[in-house]
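**Q** can you look at this prediction? I've put the sequence above it.
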Amino acid sequence: MLNQHKNLIEPETDFLKVGDCIVDVARRDVYEPGAASPRRITVKSLQVLMMLVAHQGKVVSRVAILEWVWAGTLPSDDVLTQAIAQLRKAFGDDRDTPRYLETIAKGGYRLLAPTAWIESLEHGTKPECSGAPAQADAAVEDRHAATVPDPAPIRTAGGRRARFAITATVAVLGALLATVAILSRNTDGSIAKAPPAAIAAAKPDYQHITSMPGSESGPSLSPDGSQVVYSAYPEDDSSAGLFMQTTTPVPPRAITTNTAGVWDMNPAWSPTGRDIAFVRMGPKDRCAIMLIPASGGEPRQISACREDMDGRVGWHPDGRRLVTTLSPLDLDENGTIHVVDLGNGAWTKLAYRKGEHDVDGLAAYSPDGRWIAFRRNVSLADIWRVPAAGGEPERLTSLKTNINAIAWAPDGKSIVFGRYLDGGVSIAKLDLDTRKVIDLGLPDTAFPSIASRTGAMAFVIGQSKTSNYDVGLDERLTDKSPMKQLFPSSGADLLPSVSPDGQQVAFVSDRSGTIAVWWARIGRPESLRLIEGILPVARYGPVWSADSKRMLMIGRSGDEYGIYEIVPDAGTVRRLPVPDKAPVYAEYLPESSRLLVVGDRDAGQLGLTLYDTSTTPWRAIAARDNVALTRVDAKRGRILFTRPQEAGLWEMAYDLSNTRRISDRPGVGGGRRVLVDDGGVWLASLDEGEGKCDLQWMQLPESRDRPGACLLALAKPVGVTGVSLDRVHRRLYFSLVQGMNEDIGFMRTLPN
């Protein structure tokens, strides 16, 4: 009989040798001799492996593994089958002639290969690795990475969830991105080889230093790392105030007053340690850059600014000026680097090269004041730098992912940043000499801040739960309404997509232990099944064909990233021969030989291409830059589309000609909530009506005669991250993010 206590295996080091392979336990990478780079496995697959290691050479039953690894849930047998299959692939093993994992008929599994804990990769076979989930850990020129989900929708300060975008960066998207891999590709579309130096850092040692109800976010450390200031939000998100404490788990003290409808955000400690700059949002649409003594006192306004919930400020080492990508009130939009003089509040626009559609953010001076590092663009972002006096910017990474914070190391030789990577948000370090990126082994973390003198780091730790629901267009869900989760699970379910005939629904979920597309017939829970053959990128849900027989999904199978066509009834999945190397969205046109593809136009800019799929290779018929998302309106013979960084909705003909703006809504990033039926164009709008409604259904363009209907109004803050319309039964399907929570973490030294 198996000893249950042996399941609690304690790793002796970060590296486990299994047969000829080496497992980086902290990073979940498997190094196989002869492979170009490591294969990453899921958390559940690693737990299965650890249980088999604990009973090496013995048969472990399927029931025992399911009860231990998936304790407290009701998993299907498929989840274990998939975990074993992933381990076999990672080890290069064969089911029929196994060297690692043996299947015992009606029994379970046995680990055949010998195991040993080793100190490092250098003590093992030291293979160079690539493989299935190759990631963009090395910032190599011209590398193309798969995209990941956009941040949760940004709210204006007028609503009660005004800072939802900030919280969601960690809590929401940690769930949204369950196990999405960021793929690194060469310019020819092949998988790029990760340099041997791009490996995980040692397991970091840190602690939670806050645990108040609500959330704490946007930390900034004092220069000596002894104190931290951050924004604290009550559970109803009605405001935010600045709190300060030592970098130990002690009660904080408030340094600004919480006022309903006002959010004090993104504090930045001065190089001298005497002052703290921050951004104040509210009341209503007001924005101001503020300054307050670190010892306490009354804050004073440095300058008014244009509203931006993601607005940050950074200090010059001389302590006399700030850098920001906010803008003064007399400019039309944010997203350009400015320098603000603290003496007179004057703004100076930095003279540097910037494309018409580029959006820059997170500007930060280097410790010597010679450089400004910044993020260029949003969902396909990278880190750039420009001389502090202006000039030609230089691209430092080719990650093409969401980046939520930038902080310089005290010696100026590296940059620490928060990003999305393989399973959620995490913190990484960029070496400026080698341009290599190393993940710091801090899952579900974001917004790093580094003490300028000591190198200590504070950051945000978050968690949440995402589930799918539906509501009738004539209903209103409240806290008193019975909300029934669709196909309940303990995993993260998101991005539901209903077929045009109203009979089927597909969505993305990690309920099996790895992220996948799931499909079912509506009203028949027993029909629910996983679609094998694709690892989806959870940016947009599946896109159906008009006849409800096929759907498109961005993802990968093995090493092949691209657009996949799924036929649910047949259970088939095939990769389409799309010329785009980095597609992010695809949609069918009524003519069967035409396909719309939104893809990366380089440097994080998006554009649309119309393809003729009847030829080999596919022929590009027309193209249009600056397109984020499309919606085909077959009833009216047009294509609706949104732009990446501009509010509004546009229309154009099927040949991409005759563009015309038709609505001021949705806001930036809101295209995924635009839906079309025979009755018109609709918007599932967020947090409208002075904060009384979480999800409002309105027709576009807006009209006073059509005020819209509130479909969801809950007392506690929630986030709606994906919507789909059942046109037949007049129901709206949506993903709901609940239970958001954030704390501040602290570590005294950065991992090497």
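**A** Perfect, thanks for sending it.
**Q** if I've got this straight, R672 is in a helix?
**A** Yes - assessed by DSSP: H, G, I helix; E, B strand; the rest coil, R672 belongs to a helix.
**Q** that one contacts L629, correct?
**A** Yes - the criterion here is Cβ atoms under 8 Å, and R672 meets it with L629 at 6.4 Å. C-beta: built from backbone N, CA, C; applies to glycine.
**Q** overlap of the contact sets of the two?
**A** Here R672 and L629 have Y540 as joint contacts, going by Cβ atoms under 8 Å, 6 or more residues apart in numbering.
**Q** ranges for the helices of this structure?
**A** Under the criterion DSSP state H, helices of the chain are mapped to 43-54, 62-69, 77-91, 164-176.
**Q** for the longest one, list every residue counted as buried.
**A** So the one you mean is helix 77-91. 79-80, 82-84, 86-91 (16 or more other Cβ atoms under 10 Å).
**Q** now the nearest residue to F374 once chain neighbours are set aside: how far from L350?
**A** With Cβ to Cβ, 6 or more residues apart in numbering as the criterion, F374 has its nearest non-adjacent residue at 4.5 Å, and that residue is A363. Counting by Cβ to Cβ, to the nearest Å, the gap from A363 to L350 is 9 Å.
**Q** now the common contact residues for the two.
**A** By Cβ under 8 Å, 6+ apart, the residues touching both A363 and L350 are 337, 372.
**Q** who has more neighbours, these two?
**A** Taking neighbours as other Cβ atoms under 10 Å, A363 and L350 compare with A363 leading, 25 against 22.
**Q** pretty sure that one sits against D310.
**A** No - if you go by Cβ under 8 Å, A363 and D310 don't touch, sitting 11.9 Å apart.
**Q** S467: neighbouring residues, count only.
**A** That count, for S467 with other Cβ under 10 Å as the rule, works out to 21.
**Q** what sits against it?
**A** 485-486, 488, 493, 735-736, 738.
**Q** out of the residues you listed, which one has the lowest pLDDT?
**A** The member of the contacts of S467 with the lowest pLDDT is Q738, and it reads 74.
**Q** bridge partners for that residue, pull those for me.
**A** K465 (DSSP bridges).
**Q** any idea how far it is from S724?
**A** 19 Å.
**Q** so which of these two has more stuff around it?
**A** Ranked by neighbour count (other Cβ under 10 Å), Q738 and S724 place S724 first, with 26 against 17.
**Q** so who does that one touch?
**A** Contacts of S724 (Cβ under 8 Å, 6+ apart): 496-498, 505, 541, 675, 732-734.
**Q** follow-up on the earlier one: as CSV, the buried residues of helix 77-91 with distance to T609 would be great.
**A** Formatted as CSV, these follow (distance: Cβ to Cβ, whole Å):
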residue, distance to T609
V79, 38
L80, 42
Q82, 34
A83, 38
I84, 40
Q86, 34
L87, 39
R88, 38
K89, 33
A90, 35
F91, 40
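**Q** surely L736 and Y469 touch.
**A** Yes - look at L736 against Y469 with Cβ under 8 Å: they come within range, at 5.6 Å.
**Q** the closest residue to W347 other than its chain neighbours and A364, how far apart?
**A** Spatially, and ignoring its direct neighbours in sequence, W347 is nearest to P328 (4.7 Å; Cβ to Cβ, 6+ apart). Distance, P328 to A364, by Cβ to Cβ: 20 Å.
**Q** compare those two (neighbour count), which wins?
**A** A count of neighbours by other Cβ under 10 Å puts A364 above the other of P328 and A364, at 23 against 16.
**Q** what pairs with that one across the strands?
**A** Residues in beta-bridge contact with A364 (DSSP bridges): A373.
**Q** correct me, but it touches G412?
**A** No - counting by Cβ under 8 Å, A364 stays clear of G412, with 11.3 Å between them.
**Q** would you map out the domains in this structure?
**A** The chain breaks down into these domains under automatic domain parsing: 4-132, 164-463+742-747, 487-577.
**Q** local confidence estimate at the residue nearest to R320 when sequence neighbours are not counted?
**A** Nearest non-adjacent residue to R320, counting by Cβ to Cβ, 6+ apart: L342, 5.7 Å away. Note on L342: pLDDT of 94.
**Q** ok, L342 to R321 distance?
**A** In this view, L342 and R321 are 6 Å apart by Cβ to Cβ.
**Q** worst average pLDDT in the domains of the chain?
**A** domain 4-132 (a mean of 79).
**Q** distance from that domain to the middle of the chain?
**A** Centroid separation for domain 4-132 versus its chain: 27 Å, with Cα atoms, centre = their mean, to the nearest Å.
**Q** which residue ranges of the stretch 651-752 of the chain form strands?
**A** Applying DSSP state E, counting those that start in this stretch to the stretch 651-752 of the chain gives strands spanning 660-663, 674-677, 680-686, 695-700, 709-712, 719-726, 731-747.
**Q** in CSV: the ones you listed, plus distance to K429.
**A** CSV is the format used below for these (distance: least, Cβ to Cβ, whole Å):
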stretch, distance to K429
strand 660-663, 43
strand 674-677, 39
strand 680-686, 35
strand 695-700, 39
strand 709-712, 40
strand 719-726, 29
strand 731-747, 13
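**Q** nearest to A570, of the ones you listed?
**A** strand 719-726 (22.3 Å; Cβ to Cβ).
**Q** where are the low-confidence patches of the stretch 651-752 of the chain?
**A** Applying pLDDT under 70 to the stretch 651-752 of the chain flags residues 687-691, 717, 739-740, 752.
**Q** sorry, back to before: kindly compare burial across the strands of the stretch 651-752 of the chain and name the winner.
**A** strand 719-726 (a mean of 24; mean count of other Cβ atoms under 10 Å).
**Q** sheet-wise, list the partners of that one with their directions.
**A** For strand 719-726, pairing defined by DSSP bridges yields strand 731-747 (antiparallel).
**Q** how far out from the middle of the chain is the partner strand?
**A** Averaging C-alpha positions (Cα atoms, centre = their mean) puts strand 731-747 12 Å from its chain's average.
**Q** do the same with stretch 474-488
**A** That offset, for stretch 474-488, works out to 27 Å (Cα atoms, centre = their mean).
**Q** stretch 431-443 now?
**A** On Cα atoms, centre = their mean, the centre of stretch 431-443 falls 18 Å from that of its chain.
**Q** in it, what counts as buried?
**A** By neighbour count on 16+ other Cβ under 10 Å, the buried set for stretch 431-443 is 431-432, 435-443.
**Q** how about the CA coordinates for it, as PDB?
**A** What follows is stretch 431-443, C-alpha atoms only, in PDB (Å, rounded to 0.1, in the frame of the first residue of the first chain):
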ATOM      1  CA  ASP A 431      20.000  42.600 -18.600                       C
ATOM      2  CA  LEU A 432      20.900  45.700 -20.700                       C
ATOM      3  CA  ASP A 433      24.300  44.300 -21.800                       C
ATOM      4  CA  THR A 434      23.100  41.000 -23.100                       C
ATOM      5  CA  ARG A 435      19.500  41.900 -23.700                       C
ATOM      6  CA  LYS A 436      18.400  38.700 -22.000                       C
ATOM      7  CA  VAL A 437      15.300  38.500 -20.000                       C
ATOM      8  CA  ILE A 438      15.200  36.300 -16.800                       C
ATOM      9  CA  ASP A 439      11.900  35.500 -15.100                       C
ATOM     10  CA  LEU A 440      12.300  36.100 -11.300                       C
ATOM     11  CA  GLY A 441      10.000  33.200 -10.300                       C
ATOM     12  CA  LEU A 442       7.200  35.300  -8.800                       C
ATOM     13  CA  PRO A 443       3.900  34.100 -10.200                       C
END
